[in-house]
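# can't give you the sequence, but here's the structure:
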């Protein structure tokens, strides 16, 4: 009894603490790109959408009913995430006793993937809740079929169907687990369970109808287009990545719990083990053939939740030192997970990480962009329309400006993320000047949303849609790691070759190089359509030298055959930077370029770090 009381007290202290921290983070964390698009979906109510069933969008609509801000948007998801460990306590307590129940709830809170649920307005929180409802209903049905258990199963199946295509994995594995158990087969023959399953299946009807009306675009994206469906060895990383995310000792405890329970006499324990192991193993196998470009590390979470009620018994058999190590390591993992979001919330940290691979681009730059758009449109004629280059900009600007109907141009990432069909259904896909006529338009372009080798082709595609591009207003966020271009388009575009923003590269010094107070800078730069008249070298945004521009630099037109800069191949530059006598301290500084076009344009290029020696 004393152990149960201590476990209960520890659970409630941690539950309140984690929820409080998540509320604080949610109020400061910049809006993530997917959250912005789900908000946009919520502003266009429908039963289903191109990327997801309707529930996530409906919850965002409910959230912003309490305020047009990111905290209100996330509030329904935070509350759902807070309910997940409570339901875990209920399930484990009924099946294995009060002490195990509180311990399972405590471990659920400490599990980094589960402890951070609801922090962002994403489908995972509701899908975790749906998984536990089905898990609980299944355990009750194995003992005795009742109307209440069947009703809970129906609710869990319906909720999961409204969350994500990925919930199909829980349904398939859960059905197989019941079929493999004698009591499960008995339950499946009961008419009440059949009705519950039928009700859950009917919840897929809106998604099925959407796909039938749209040539299976959503289903094709989720199951075909986003996956290579060819073997790749990246799946081998699954165990290492998951062990790190779950934390190694807790991951090992789950593996031991699954192995023991699969051979256990308890039907419920075998059911939990079959469901959890099946989901995790299924995603492990899928990892050898599935999408590796987008985040997928959170996919096995339903499997871990199914195994969690079994873990306290395993830990009870371990030496006390190992039990404490498991709990503390999980706590460190949770703190690290939440700490990442705290760091992402800091503009200073985002700027400092600009040169790193883990730079959080999908969180960065949206507020400064919205401010720049407001300021620019204020100087343009009344009735100026804002048009976005891609769905990310359209959704993020839409949330910031309170306009869910910002038109979006065709863009590769619209297709890559399965959002293009939805934009067309909303009538927000725009072909460009052929639809705008001479009306004033502020075109907002994300220069860092395509790979650099594809950027010039993207600029030429923009020319085909809107005509030669005028001099842009350049917005470099975090030293240009996130880069936006604002084009004020007014009247009929001038005839002539495609004029694009500048392209440049610093060959020396390389990123992160250590330099003295005198150092050389070499590279290349060009501007299609008109060419460049000069290049300035900057340090921390201040000009420190003028480059000699126009030296021969062969090979760029082999990389970009469409380039029409009239000065090719004389597009190289070199400069001698002398910082002697300047009040610049040793340490990290940011080296950049200022590019002067022959049309009078001036563009600030992205910066790269260098280490200035004593």
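Thanks, I have it. These figures come from a predicted structure and were not determined experimentally.
# Can you give me the distance of the nearest residue to residue 593 once chain neighbours are set aside to residue 566?
Once flanking residues are discounted, residue 593 sits nearest to residue 605: 4.0 Å by CB to CB, 6 or more residues apart in numbering. Quick note: C-beta positions are derived from backbone N, CA and C, even for glycine. Distance of residue 605 to residue 566, given as CB to CB, to the nearest Å: 20 Å.
# where does the stretch 351-500 of the chain dip in pLDDT?
For the stretch 351-500 of the chain, not a single residue meets the criterion pLDDT under 70.
# Show me the strands in it, by range?
385-388, 408-409, 429-430, 441-446, 473-477, 482-489 (DSSP state E, counting those that start in this stretch).
# Turn those into TSV, columns for distance to residue 201 and mean neighbour count.
Below are the strands of the stretch 351-500 of the chain laid out as TSV (distance: least, CB to CB, whole Å; neighbours: other CB atoms under 10 Å):
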stretch	distance to residue 201	mean neighbour count
strand 385-388	38	22
strand 408-409	35	24
strand 429-430	33	20
strand 441-446	41	23
strand 473-477	46	21
strand 482-489	43	22
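# need these in CSV with distance to residue 99, can you?
Below are those laid out as CSV (distance: least, CB to CB, whole Å):
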stretch, distance to residue 99
strand 385-388, 54
strand 408-409, 54
strand 429-430, 57
strand 441-446, 53
strand 473-477, 51
strand 482-489, 50
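# The residue nearest to residue 593 reaches residue 594, doesn't it?
Yes - here residue 605 lies in contact with residue 594, judged by CB atoms under 8 Å, at a distance of 7.2 Å.
# And these two? Which one has more around it.
Neighbours were counted for residue 605 and for residue 594 using other CB atoms under 10 Å; residue 605 has more, 24 against 18.
# Can you get me a residue count around residue 405?
12.
# Nearest residue to it in space, please, no chain neighbours.
The nearest residue in space to residue 405 (CB to CB, 6+ apart) is residue 428, at 6.3 Å.
# wait, isn't that neighbour in contact with residue 410?
No - the pair residue 428 / residue 410 is not scored as a contact, 11.5 Å apart, by CB under 8 Å.
# Looking at those two, which has the bigger crowd around it?
residue 428 (20 against 17).
# Quick check: that one vs residue 50, distance?
For residue 428 relative to residue 50 (CB to CB), the value is 12 Å.
# One more: residue 247?
36 Å.
# pLDDT averaged over the helix or strand harbouring residue 258, what's the number?
Applying DSSP states H and E as the criterion places residue 258 in helix 248-262. Over the span of helix 248-262, the pLDDT mean works out to 96.
# Quick check: next helix or strand after the biggest strand by length in the chain?
Looking across the chain with DSSP state E, the single longest strand is strand 587-597. Downstream of strand 587-597, the next assigned helix or strand under DSSP H and E is strand 602-604.
# Quick one: name whatever helix or strand follows that next one.
strand 608-612.
# I'd like the average pLDDT over that following strand.
95.
# in that strand, what counts as buried?
608-610, 612 (16 or more other CB atoms under 10 Å).
# Strand partners (parallel or antiparallel) of that strand?
Note on strand 608-612: by DSSP bridges, its sheet partners are strand 514-515 (parallel), strand 587-597 (antiparallel).
# Select, out of those, the one closest to residue 121.
strand 587-597 (33.8 Å; CB to CB).
# From the chain's centroid, how far away is that closest one?
Remark: strand 587-597 is offset 30 Å from the chain centroid, using CA atoms, centre = their mean, to the nearest Å.
# Quick one: residues in contact with that strand.
With contact meaning CB atoms under 8 Å, 6 or more residues apart in numbering, strand 587-597 is reached by 471, 479-480, 502, 504, 506, 509, 521, 523, 525, 527, 530-541, 543, 547, 602-612.
# Nothing else from me, thank you.
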